[in-house]
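Engineer: sequence plus the predicted model coming up.
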Amino acid sequence: MVGVVILNYNNVKDTLNCVESVLRFNTYPIKIVIVDNGSTNPAVVPAIDSYLSHKYLARYKRIEEGETIETLNDITFFVSLHNDGYAQGNNKGLNLLYKDLDIKYILILNSDILFIEDIIGCLVKDLQSVSNGAIVSPILYKKDMNGLDYNCARKSTSLSDLFIEYLFLFHDFGGLLSKRRNKRNLLVGKNLPLEDPLVEIELPSGSCMLIEKDFFRSIGSFDPHTFLYNEENILWVKIHNLGRQNYLDTRLKCIHLGATTIDNKAPSEFVLNCSLESNYYYLKHYTNVGILYLFCMKVFYCGIRLKWKIRQLLKTLK
């Protein structure tokens, strides 16, 4: 059986659509845990609870943070007291599933994922077919199948590439950064599905990935010290150090509604700071960079924050 974790934050529509798409297309035995990660909109939790309790009746149960539960229902809604970020929010759902002896695999889903075909059983078979497998994922498409979300199949960013990106403050001089990113995006220019459909990757997308429960628990689940960003990088370091490998099945697909390019996003100051702080934590604790590298990165972070403030000022002046 597969335990599905869906993290919700202030988003009723996408979360319920995600749940319904999974239930509509799936034929494999599953239990779903939806974690509300401290939504600030007071209408969110009651809306999700009302919908699920009326539609799924005895198959559904809501529990509050601090409550204990011995047996999970088919659908469990866990209401967290506050927003702990992506890693800890998912870990709360994982901790429930770890106690359920029926669960053998974990599927991490973003709330903006839509199933369009029956993929869970296929992902399980994929993971069973490779002796060194750690994480296996499907292809992610953008909304309305309008192009690929290349984040589903990436090589890890080298320390030199990371240094250059921050040195340039993510400004793509002459397309240099784009060329380097395209080399790391393993599906760029490829016709799908590939002849050998199961492809080795390093960084999966945390939006949709399957992993064996006991293995995930053995590597400490998600590192709780990141609030947002770098979770996949940290997982890859843990997995790679154990001689395991991540895979992508190019025959399987689902839709990632939130997929977009970084250049088209205008992050809030909070999101920007989360990104920089998570990046520093990753470098300090999961790489072998020295003090000089970390010092330079801190200088680059200041430059990125200044660049963000200047952009915000220019927006107010328009």
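Structural biologist: Perfect, I can see it now.

Engineer: what strands flank the strand ranked longest in the chain, and is each parallel or antiparallel?
Structural biologist: Ranked by number of residues, the top strand in the chain under DSSP state E is strand 245-256. Strand 245-256 sits in its sheet next to strand 113-115 (antiparallel), strand 133-141 (parallel), strand 198-201 (antiparallel), going by DSSP bridges.

Engineer: contact partners for residue 221?
Structural biologist: 90, 91, 94 (CB atoms under 8 Å, 6 or more residues apart in numbering). All C-beta spots, glycine's among them, are computed from the backbone N, C-alpha and C.

Engineer: one more time with 10 Å, if that's ok
Structural biologist: Shown in contact with residue 221 (CB atoms under 10 Å, 6 or more residues apart in numbering): 87, 88, 90, 91, 93, 94, 95, 98, 106, 211, 235.

Engineer: which residues of the stretch 101-250 of the chain fall in helices?
Structural biologist: Ranges of helices within the stretch 101-250 of the chain are 120-129, 159-167, 176-184, 213-218, 231-241, based on DSSP state H, counting those that start in this stretch.

Engineer: where does the stretch 51-200 of the chain dip in pLDDT?
Structural biologist: Scanning the stretch 51-200 of the chain for pLDDT under 70 picks out nothing.

Engineer: so what pairs up with residue 249 in the strands?
Structural biologist: Assigned bridge partners for residue 249, using DSSP bridges, are residue 138, residue 198.

Engineer: same question, the one 5 residues further on
Structural biologist: Beta-bridge pairing of residue 254, defined through DSSP bridges, involves residue 115, residue 140.

Engineer: that one and residue 142 touch, don't they?
Structural biologist: No. Using CB atoms under 10 Å, residue 254 is not in contact with residue 142; the gap is 11.2 Å.

Engineer: distance of residue 140 relative to residue 275?
Structural biologist: Between residue 140 and residue 275 the computed distance is 20 Å (CB to CB, to the nearest Å).

Engineer: go on, residue 289?
Structural biologist: Distance from residue 289 to residue 275, counting by CB to CB: 18 Å.

Engineer: more neighbours: those two, which one.
Structural biologist: Set side by side, residue 289 and residue 275 show more neighbours around residue 275, with 18 against 15, by other CB atoms under 10 Å.

Engineer: quick one: contacts for that one?
Structural biologist: By CB under 10 Å, 6+ apart, the contact set of residue 275 is 226, 227, 228, 229, 230, 267, 301, 304.

Engineer: how about residue 190?
Structural biologist: When contacts are counted by CB under 10 Å, 6+ apart, residue 190 touches 148, 153, 199, 250.

Engineer: for the first one, give me its contacts.
Structural biologist: Shown in contact with residue 148 (CB under 10 Å, 6+ apart): 139, 140, 141, 142, 185, 187, 188, 190, 192, 253, 256, 259.

Engineer: which of those lies closest to residue 70?
Structural biologist: Taking CB to CB as the measure, residue 70 sits nearest to residue 256 out of the contacts of residue 148, at 34.5 Å.

Engineer: look up phi and psi at the residue nearest the centre of the chain.
Structural biologist: For the chain, the residue lying nearest the average C-alpha position, counting by CA atoms, centre = their mean, turns out to be residue 206 (2.1 Å). Per-residue torsions, residue 206: phi -70, psi 0 (degrees, to the nearest 10).

Engineer: again with residue 31
Structural biologist: When quoted as degrees, to the nearest 10, the phi and psi of residue 31 stand at phi -130, psi 140.

Engineer: and residue 195, by the same measure?
Structural biologist: For residue 195, the backbone dihedrals are phi -60, psi -40 (criterion: degrees, to the nearest 10).

Engineer: that one reaches residue 251, doesn't it?
Structural biologist: No. No contact is recorded between residue 195 and residue 251 when judged using CB under 10 Å, the distance being 11.2 Å.

Engineer: name the residue in the two with the higher neighbour count.
Structural biologist: In this comparison of residue 195 against residue 251, neighbours counted by other CB under 10 Å, the higher total goes to residue 251 at 16 against 6.

Engineer: ok, back up a step: so which of the contacts of residue 190 is surrounded by the most neighbours?
Structural biologist: That'd be residue 153 among these, by other CB under 10 Å, with 27 neighbours.

Engineer: ok, now how distant is that residue from residue 210?
Structural biologist: According to CB to CB, residue 153 stands 15 Å off from residue 210.

Engineer: what of residue 68?
Structural biologist: The span separating residue 68 from residue 210 equals 27 Å under the rule CB to CB.

Engineer: so the closest residue in space to residue 12 that isn't next to it in sequence, which of the three states?
Structural biologist: Leaving out its chain neighbours, the residue that sits closest to residue 12 by CB to CB, 6 or more residues apart in numbering is residue 47, at 4.7 Å. Here residue 47 is helix, with the state taken from DSSP: H, G, I helix; E, B strand; the rest coil.

Engineer: quick one: residues contacting residue 47.
Structural biologist: If a contact means CB under 10 Å, 6+ apart, then residue 47 has 12, 13, 15, 16, 39, 41 as its contacts.
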